[in-house]
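>>> Got a predicted structure plus its sequence, pasted below:
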Amino acid sequence: VMLLLFIGGGSFFFIGIESYFKIFDFSSIQYIPQGILMLFYGTLALTFGSYLLLTLVWDVGSGYNQILKEEQIIYIVRKNFPGKNSFYFFSYPFKIIKQIKLLKKDGLNPRTNILLVLKDKREIPLYPPQFLLKPTEMEKKAINLSNLLKVPVE
């Protein structure tokens, strides 16, 4: 997807610039209104492609889960874009966890995840979206976690 955005966006951007400066004069596109639109869509595609590239390079969303049995707390740490808040730190005491929920969606964009369901009905994913767990592996991890937290699995 990212490569298509760069190629398509670069082409649109180039055609938009070319329609203004008439460098090669191989397009019959007038600058107003087609050239401006091509320039706008090319800029949008290049910007979105750059965003996707930087998300992959900086590994946004990766992190780890830490379960401290003695302190009865789960820590979830996720990486964010570089800057002031480059990491997200979440902590949840065992007593506010209501249950463990398994998420499995098939189709064009399949997803599997283990969710912590809190007493206030929030659902906290334990794995980043790019992880695709096998059903048996997901069940084993959920059962182990539910035994540790002493909560049911849905």
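Done, it's in.

>>> Run through the protein and note the low-pLDDT ranges.
26-27 (pLDDT under 70).

>>> so where do the helices sit in it?
Taking DSSP state H to define them, one finds helices in the chain at 2-21, 36-57, 135-149.

>>> surely residue 135 meets residue 110?
No. With contact defined as C-beta atoms under 8 Å, residue 135 does not reach residue 110; the gap is 11.1 Å. C-betas here are computed from N, CA, C, even on glycine.

>>> What sits closest to residue 13 if chain neighbours are left out?
In space, and not counting its chain neighbours, residue 13 is closest to residue 42: 3.0 Å by C-beta to C-beta, 6 or more residues apart in numbering.

>>> residues near that neighbour, how many?
20 (other C-beta atoms under 10 Å).

>>> I'd like the distance from residue 63 to residue 54, if you could.
17 Å (C-beta to C-beta, to the nearest Å).

>>> So if I had to pick from those two, which one is more boxed in?
Between residue 63 and residue 54, counted using other C-beta under 10 Å, the more crowded position is residue 63 (19 against 12).

>>> Grab the nearest non-local neighbour of that one.
Closest to residue 63 by C-beta to C-beta, 6+ apart is residue 78, at 3.9 Å.
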